Each structure stands twice: as C-alpha cells, then as structure tokens.
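A.B. asks: okay, here's the prediction I keep looking at, along with the sequence it came from:
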Amino acid sequence: MRGKTLIVLCGLAAALLARNLYVMLLELPDEAAQGPIFRIIFFHVPAAWTAFLAFLGAAGASLLYLLRKDLRYDAFAVALTEVGLAFAAANLATGMIWGRIIWGIWWTWDPRLTSMLVCWVLYAGYLTLRHAVEEPGQRARVAAVVSILACVDVPIVFFSIRWWRTQHPQPVVWGGGSMDPAYWNMLFLNWIPLLLLGAVLTALRMRQESWQREIEGLRRRAHAL
Amino acid sequence: MDPRNFTYMFYGFLAAWLILAAYVAALAGRERRLQRRLDSLKRLLEDKEKGAR
Amino acid sequence: MTAPAGPSALESAVEPAVRRPAGFLRSALTVALKDLRAELRTKDALNASLAFSVVILLLFSFAFDPSVEETRALAGGLLWLVFAFAGALVWNRSFARELPNDCLEGLLAAPISGAALYAGKAAANWLLLMAVELAGLAVFGVFYNTAWTSRFWPLLGVLALGTWAMTVVGTLFSALTVNLRLRELMLPLLVYPMLIPALLAAIQLTGPLALGQPAPAEVLVWLRLLGAFDIIFTALSLALVEAVLVG
C-alpha cells in the first residue's frame, strides 16, 4: 500500500516533468537578454526552495523530537536533511553552470551563493556529527540541537553577507526587473514534480531509518540469546 | 551572446538530475545493505531460537 | 586533574541550595568561579591557547609580509582567525574537564539548572578567552607594529561582544560533543561555519580599530549584527542546553 503510493507519486512527478520539459523547451521563447540558458532557472530556483523547505521541516521535526523524545521525529529530520542537501547541491551546481555563461565565472561571493554554501557545509556537518555518535537517543538529541541552530543561522548568514557586500562594489549585478508571468508559472509548475520527488525520497529514507532501528533491536536480541 | 549558451543549458539540466540520481543510487545501495543485514539477522535469530529449544 | 577542585566547589554549590533553591545567577557564578579556579590551578587551556596564538601569529608573519601596508589591512581577519583557533582549545576543555571522576554527573545531579551550569561555564570561558585575546593583541601589536592601544576601549567592547558570540556557541557545542570519540574534530567543524556572521562583523570592526584608526563608517550595522547574534544565540543556547545535558 505504502509502496504503491510512492510509485504513483513518482509516476506523477515524471509525467509532470515530461510535460514541463516539453513546454519549457519547445513552447516558451528564449529569454530576451540571457538566451536559452535562462531555462536553468526552472530547476535552479525550485531546487533551492525545496532544500530550504526540507531544512525548515528538519528543524521542526528536531524540535518535536526534543519535546516528545520519539525517534520517528529524528528519522524524519535526518531524512529531510539528506534530501535537502541533495537539492541544495543541485541548486549550487546549476547556479555555477548558469553563472559561467552569464557572469563568465563559476563562482562569486554574492550573498545568495555564499549563504547556500554555508548552509550546505552546516548540514553536511550535521550528517558527519550523526556518524560520530552511536547511541541512538544521544545521536538524535545532539543532531536535533544542531539542526535547530543551523536553521536559525542560515538567514543571519544571508543578511550579514548582504550587508557586507553592499559596502563593496558589486562584482556582478543580478539582472533586476520583472519576469514574464509565463516564466513565473513555469517556475511554480516545475516546483511540483521536484517537491513530489523530494517527498518520495524522504519517505524512502525514513523507512530505512526504521529498518535501522529494527536491525539494532534484533542485534540486541541476538546478543541476549 | 556566448555560443556555449545553449549547450550549457543542457549541462545545467544534466547536472541537476545527475546529482539527484547519485542520491537515489546511494539510497538504493543503503536499502540493499540494510535489507541484507536484516535478513541475515532474522535467519541468525531463527537458528539460535531453534538451537535453544 | 580537576578532581580536587570539583567536589569542594560542588559542596559549596550544594550546601545553601539544600535550604533554598539557589538562584540562576548565583549558581552560574558558583560554576564560573569553580571553573576559573580549576583552570588557574593547572593553566592547561590557558597555556595551550596562548602558545597556540603566538605560534599562529608567527606563521602569519611568513604567510603575509608584516611590513607592507596591505597586510595591515588584513589585521581584523588575522586576529579573529587566531582568536577562533585559540577559542577551540578553551571550549574543548570546558566540559571535557568534568569527565574524569564523573564530575559531570555530579554537576548535573547538583540542584542547579542545566542552563545555570552552561551559563557559568560560558562566563568562565569568556573571561579566559578574553585574557588570551588581549595577550594575543599585545603580541600582534609588537610583531606587526600597530598602535592598537590608541583605540583600546572601543576595541575592548568589540572583543567582548565577538568573544561572547564565539563562547556561547562554542560552549554549547562543547556540551554537545563531550561524550563523542571525535570530539576535538567535531567541535571546530560545527562551530566555525555557524560563527560566520559574528566573525564577519567582528572582523569588520576590529580591522581599523586594531590599527588605531577610527571605526568604519558602517559601525552601527556591524554592532547591531554582533549584538543580535549574541542575543539570539544566548537565548537559543539557554533554551536548548537542558535537552543537551540531561536528555
């Protein structure tokens, strides 16, 4: 039943994605200033939104873990964090490829890029920390605190770097101005399959955590015998 | 306009999906490993319980 | 090594509390004094972080030629990197020093809240780190020939705010990682990225002040950022530390 729901969600995501790809490649015109490369935005931006949503959800689940002490919340938090990291990596990679064409450079220390990188490093640290703790209760507790702190830290990093950068001449100027409604529509439409995919991956990762708990329980029983 | 504009659009799409595919592959690998460990533990427990009886 | 100091300080914390629950500030002060006394007896963390700061400043003088004007522009960044490294040595010891003889268990069993224990330890770490930083600043002044004493008081204020930011986060993670086998590795890995906003602000403010120049024009922005970071993370740490220590 559970598995079937996931397969249906996956199929839905694939169908939507195929339809979106068709529209964005064949029906939407090239963006006037940037050309075809602008279409990267349809993956770049929704990937960032998905990642931030995942990290926010992970902080919420971590808080719930600290309040209720139920390891299922911890499983939810780690699943969301891993999926968030994958989407954040996709966001960074697409951003760099986009920047290479539009700015001529792979990387610039602009607030958005820098804070996404800091965010990535923080949550990668969260996963590394989890590997260093063996006892599940302690691991969940320590990880929950880190997740909450990281979630608070990332917006502060963003604003601090923005203040820092406005003191200096900007190396690049983000093409300000409004985007055509057709592009906006596609941006949100393409977010849906990414969100579905994220949900499926999170559910799969959570199931693995429950298996892990089952394995630990069986191991204890095997030792007792 | 940069002549690589169009190809880099595809590189971008490709990069995004390759990263997600790599994550799915890692997930599948862990799934297999956990399943194997779970099976072997279950078998071990059955054997031990039979031996105890 | 803290065994002699642990129990006696503990007793003095427990005794009055049996009669009436000790107030937050009072118990925090007791913990802070206990930590400072223990540290001043052995001077383990103090010596290590002082020596480390001097060595790093020495190395920097080879990485960046101290006699050229461009290097002096990096002063803020160099100093805060040294302070952050020195700080890690102090935080590492903060909770780990309570592990031998189960002192940590004793402290947790004492009738003080986890938040008070944490606040006391943070205060002690802050004082120790401030001492190390002032000594490091003096060494920096000699090596790099800077007139840092001419702006001493504003500089001290910036140091105090920046060090508090490092200390609240560092001490919380010291409590988080105290039982881990990779403690010394985990602590900097998690603390430094989280400190980026505070370090950024402190670097911007310290740069000119350490050279004896007036504070940068956007001084208020950076002070606000530093203050906000201090307040947010102090509040979060005090709220979360109970879960970290007691579970």
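C.D. replies: Perfect, I can see it now.
A.B. asks: is stretch A:77-96 anywhere near chain B?
C.D. replies: Yes - with CB under 8 Å from any CB of the partner chain as the criterion, chain B is reached by stretch A:77-96 at A:82-83, A:86-87, A:89-90, A:93-94. Backbone N, C-alpha and C define where each C-beta goes, glycine included.
A.B. asks: among these, name the buried ones.
C.D. replies: A:82-83, A:86-87, A:89-90, A:93-94 (16 or more other CB atoms under 10 Å in any protein chain shown).
A.B. asks: quick check: next helix or strand after the helix or strand of chain C with the lowest mean pLDDT?
C.D. replies: Of all helical and strand segments in chain C, the minimum by mean pLDDT, DSSP states H and E falls on helix C:5-19, at a mean of 49. Per DSSP states H and E, helix C:5-19 leads on to helix C:24-42 as the next helix or strand towards the C-terminus.
A.B. asks: next SSE downstream of that next one?
C.D. replies: Next element after helix C:24-42 (DSSP H and E): helix C:44-63.
A.B. asks: how near is C:F24 to chain A?
C.D. replies: Distance, C:F24 to chain A, using CB to the nearest CB, to the nearest Å: 21 Å.
A.B. asks: next one: B:M9
C.D. replies: 5 Å.
A.B. asks: and if you look at C:L199?
C.D. replies: Counting by CB to the nearest CB - C:L199 and chain A are separated by 9 Å.
A.B. asks: chain neighbours aside, what residue packs nearest to that residue?
C.D. replies: C:W80 (5.4 Å; CB to CB, 6 or more residues apart in numbering or on different chains).
A.B. asks: quick check: next helix or strand after the helix or strand the one you found falls within?
C.D. replies: Using DSSP H and E, C:W80 falls within helix C:75-96. Going down the chain from helix C:75-96, the next helix or strand is helix C:103-109, by DSSP H and E.
A.B. asks: ok, the closest residue to chain C within chain A - contacts?
C.D. replies: Residue nearest to chain C within chain A (CB to the nearest CB): A:S160, separated by 3.8 Å. Residues in contact with A:S160 (CB atoms under 8 Å, 6 or more residues apart in numbering or on different chains) are C:196-197, C:200-201, C:225.
A.B. asks: go again using 7 Å as the cut-off
C.D. replies: C:197, C:200-201, C:225 (CB atoms under 7 Å, 6 or more residues apart in numbering or on different chains).
A.B. asks: closest to chain B among the residues you listed?
C.D. replies: C:P197 (27.8 Å).
A.B. asks: separation between the closest one and A:R165?
C.D. replies: 13 Å (CB to CB, to the nearest Å).
A.B. asks: closest to chain A out of the contacts of A:S160?
C.D. replies: The closest of the contacts of A:S160, once distances to chain A are taken by CB to the nearest CB, is C:P197, at 3.8 Å.
A.B. asks: what residue ranges in chain A score low on pLDDT?
C.D. replies: A:1, A:166-178 (pLDDT under 70).
A.B. asks: which residues of it lie near chain B?
C.D. replies: A:35-37, A:39-40, A:43, A:47, A:86, A:89-90, A:93-94, A:97-98, A:100-101, A:201, A:204-205, A:208, A:211-212, A:214-215, A:218-219, A:221-222, A:225 (CB under 7 Å from any CB of the partner chain).
A.B. asks: just those: which are in helices?
C.D. replies: Among these, the ones falling in helices (DSSP state H) are A:43, A:47, A:86, A:89-90, A:93-94, A:97-98, A:100-101, A:201, A:204-205, A:208, A:211-212, A:214-215, A:218-219, A:221-222.
A.B. asks: show the buried residues in the residues you listed.
C.D. replies: A:43, A:47, A:86, A:89-90, A:93-94, A:97-98, A:100-101, A:201, A:204-205, A:208, A:211-212, A:215, A:218.
A.B. asks: quick one on the thing from earlier: sec struct for the residue of chain A closest to chain C, please.
C.D. replies: helix (DSSP: H, G, I helix; E, B strand; the rest coil).
A.B. asks: now do the contacts for the nearest residue to it once chain neighbours are set aside.
C.D. replies: Among residues not flanking A:S160 along the chain, C:P197 sits closest, at 3.8 Å (CB to CB, 6+ apart). By CB under 7 Å, 6+ apart, the residues touching C:P197 are A:156-157, A:160, C:225, C:229.
A.B. asks: what is the nearest of those to C:S61?
C.D. replies: Using CB to CB, A:S160 comes nearest to C:S61 of those, at 29.1 Å.
A.B. asks: point out where chain B drops to low pLDDT.
C.D. replies: Residues of chain B that meet the cut-off, pLDDT under 70, sit at B:1, B:53.
A.B. asks: can you give me the helices for it?
C.D. replies: B:5-52.
A.B. asks: what about the strands in chain A?
C.D. replies: Using DSSP state E, chain A contains no strands.
A.B. asks: tell me which parts of it are close to chain C?
C.D. replies: A:66, A:118, A:121-122, A:125, A:128-129, A:132-133, A:137-138, A:141-142, A:145-146, A:148-150, A:152-153, A:156-157, A:160, A:163-164, A:167.
A.B. asks: next step: those restricted to helices.
C.D. replies: Using DSSP H, the residues of chain A next to chain C in helices are A:66, A:118, A:121-122, A:125, A:128-129, A:132, A:137-138, A:141-142, A:145-146, A:148-150, A:152-153, A:156-157, A:160, A:163-164.
A.B. asks: what lies in contact with stretch C:128-139?
C.D. replies: C:39, C:45-46, C:49-50, C:53-54, C:57, C:79, C:82-83, C:86-87, C:90, C:148, C:159-160, C:163, C:167.
A.B. asks: of the residues you listed, buried ones?
C.D. replies: Here the buried ones among those, as counted with 16+ other CB under 10 Å, turn out to be C:39, C:45-46, C:49-50, C:53-54, C:57, C:79, C:82-83, C:86-87, C:90, C:148, C:159, C:163, C:167.
A.B. asks: so which of those also contact chain A?
C.D. replies: Answer for the buried ones among the contacts of stretch C:128-139 near chain A: none qualify (CB under 7 Å from any CB).
A.B. asks: so which residue is dead centre in chain C?
C.D. replies: C:T167 (3.7 Å; CA atoms, centre = their mean).
A.B. asks: can you give me how far stretch C:58-66 is from the chain middle?
C.D. replies: Between the mean C-alpha location of stretch C:58-66 and the chain-wide mean there is a distance of 25 Å, by CA atoms, centre = their mean, to the nearest Å.
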